[in-house]
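Peer 1: give me coordinates for this.
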Amino acid sequence: MTHRVARCIATCCAVFALLGTSGCSLSVPPLSEKDDPAPSAQVADDALVSPGTLTVAVDAANAPMAMLDDEGNPDGYAVDVAGALAQELGLTLTVVNAAPSAAADGTADVYLSAEASSAPSGTTAAGTVFSEATAVFARVLDGNGTLPELSAAELSSASIAVQDGSSSQQTLSNSNVAYSEVTCNNVNECISAVESGRADYAVCNVSAGCYLDRSFGDIGVAGILGAPTDLSVLVSDGNSALAEAVSQALAALEGNGVLDAVRRAWFGALPDDLAGLQIADVVITEPAAQDAAAADAEADASSSDSAGESSSADGFAASADAADLPASSAHSSLNSTSTFFAAE
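Peer 2: Predicted structure coming up:
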């Protein structure tokens, strides 16, 4: 669908240009009458879980990367990327809620989107679809969108809104920033605290913050804490044909601007160069193993107490931050890794 619309727009622009220079009168058919032939499949059936279908696993509780919409259908950035990827490969799409290991155990063809550094055994990364980071959001300084220059000293003298029990709170606590914390229940409250002046800055995952920031025109990403982390498409180690096809398809989607368009649709003014926004003198110290285990246990307990939903978006444990999306979306997490739902 993305390619079809793009081609139609380009065709219409060319027609309009012709009209303006030649004075000719042409009748342009509506988009509804444009019916491009479906691309041929780029992957053999024996390399797929289901013939002619790309089965994509996502974490349906990881909003806004993946979630359920008001009608219970899969939605989110990863789902839209999956749709573009399936179309580029000439395949239909099925989405399944499953763990990253689904890419290796035959539950799914690929998993979107996982940290390649922590990919489960039996999987390999076939390409990158997003760069995640712990970001500092600030109010712009003027009408030109200028954001403040940050340092460890500046953050240490400021009040910072952060979601309680989130990965961002853990990152801050492991840093050399002696900040004054404004504790919030979710990322919405963090961004709103900066908007209202209750906090100088908000710290959260760049995906959740930018997703919400589309509603706040005077707030943007002023810097990131630590290096960004690439989120990848995982494919089974033993499926080299699919891995190569996915890699080539992702390169094509990056080259023709489709991936960028999907990113902009979901994350608005997401900075192009996150790595260049890293605050140089902020140092993140990894906690000792026993400290990490204790933090995980505490987060699990906190998550279990949040409205009885351990994976709801506004009750996210320390593994992620999330926007507080409508109950029918972010709070409707699936529990079965074998539950499939169709995606358009």
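Peer 1: C-alpha only now, for contacts and for neighbours.
Peer 2: Noted.
Peer 1: over to Ala108. Which of the three states is it?
Peer 2: Recorded secondary structure, Ala108: coil (DSSP: H, G, I helix; E, B strand; the rest coil).
Peer 1: what is the burial count for it?
Peer 2: 29 (other C-alpha atoms under 10 Å).
Peer 1: do Val177 as well
Peer 2: 20.
Peer 1: repeat for Thr55
Peer 2: So Thr55, with other C-alpha under 10 Å, has 26 neighbours.
Peer 1: then the one 10 residues further on?
Peer 2: Per other C-alpha under 10 Å, the neighbour tally for Met65 reads 24.
Peer 1: got the contact list for it?
Peer 2: Residues in contact with Met65, defined by C-alpha atoms under 8 Å, 6 or more residues apart in numbering, are Gly76, Tyr77, Ala78, Val79, Ser207.
Peer 1: between those residues, which has the most around it?
Peer 2: Ranking these using other C-alpha under 10 Å puts Ala78 first, with 30 neighbours.
Peer 1: state the distance from that residue to Glu244.
Peer 2: Using C-alpha to C-alpha, to the nearest Å, we find Ala78 at a distance of 20 Å from Glu244.
Peer 1: tell me which of the contacts of Met65 fall in helices.
Peer 2: Among those, the members found in helices (DSSP state H) are Tyr77, Ala78, Val79, Ser207.
Peer 1: tell me the contacts of the first one?
Peer 2: Put plainly, it is Tyr77. Pro64, Met65, Ala66, Val262, Arg263, Trp266.
Peer 1: of the residues you listed, which is the nearest to Asn256?
Peer 2: Val262 (11.8 Å; C-alpha to C-alpha).
Peer 1: now the helix or strand encompassing that closest one: mean pLDDT?
Peer 2: Take DSSP states H and E as the rule and Val262 turns out to sit in helix 258-267. Mean pLDDT, computed over helix 258-267, is 96.
Peer 1: now it: buried residues?
Peer 2: Val258, Leu259, Asp260, Val262, Arg263, Arg264, Trp266, Phe267 (16 or more other C-alpha atoms under 10 Å).
Peer 1: stretch 135-145 now?
Peer 2: Those would be Ala135, Val136, Phe137, Ala138, Arg139, Val140, for stretch 135-145 by 16+ other C-alpha under 10 Å.
Peer 1: in this structure Ala280 contacts Leu150, no?
Peer 2: No. Ala280 is beyond contact range of Leu150, at 9.2 Å (criterion: C-alpha atoms under 8 Å).
Peer 1: as TSV, the contacts of Met65 with distance to Asn176 would be great.
Peer 2: Below are the contacts of Met65 laid out as TSV (distance: C-alpha to C-alpha, whole Å):
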residue	distance to Asn176
Gly76	34
Tyr77	33
Ala78	33
Val79	37
Ser207	24
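Peer 1: out of those residues, who's nearest Phe216?
Peer 2: Ser207 (14.7 Å).
Peer 1: which residues does the closest one contact?
Peer 2: Ser207 makes contacts with Pro64, Met65, Glu132, Ala133, Phe267, as judged by C-alpha under 8 Å, 6+ apart.
Peer 1: dump these to JSON lines, plus distance to Pro51.
Peer 2: Output for these, formatted as JSON lines (distance: C-alpha to C-alpha, whole Å):
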{"residue": "Pro64", "distance to Pro51": "29"}
{"residue": "Met65", "distance to Pro51": "26"}
{"residue": "Glu132", "distance to Pro51": "33"}
{"residue": "Ala133", "distance to Pro51": "37"}
{"residue": "Phe267", "distance to Pro51": "33"}
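Peer 1: number of nearby residues for the residue nearest to Val233 when sequence neighbours are not counted?
Peer 2: Leaving aside its chain neighbours, Val233 sits nearest to Leu112 (5.1 Å; criterion: C-alpha to C-alpha, 6 or more residues apart in numbering). By other C-alpha under 10 Å, 27 other residues sit near Leu112.
Peer 1: so Leu112 sits in a helix?
Peer 2: No. Under three-state DSSP, Leu112 sits outside any helix and is assigned strand.
Peer 1: which stretch of helix or strand covers Glu149?
Peer 2: Secondary structure (DSSP H and E) places Glu149 outside all helices and strands.
Peer 1: typo on my end, Ala252
Peer 2: Ala252 belongs to helix 240-255, assigned by DSSP H and E.
Peer 1: how close does Ser121 get to Ala103?
Peer 2: 10 Å.
Peer 1: could you do Gly127 as well?
Peer 2: In terms of C-alpha to C-alpha, Gly127 sits 14 Å off from Ala103.
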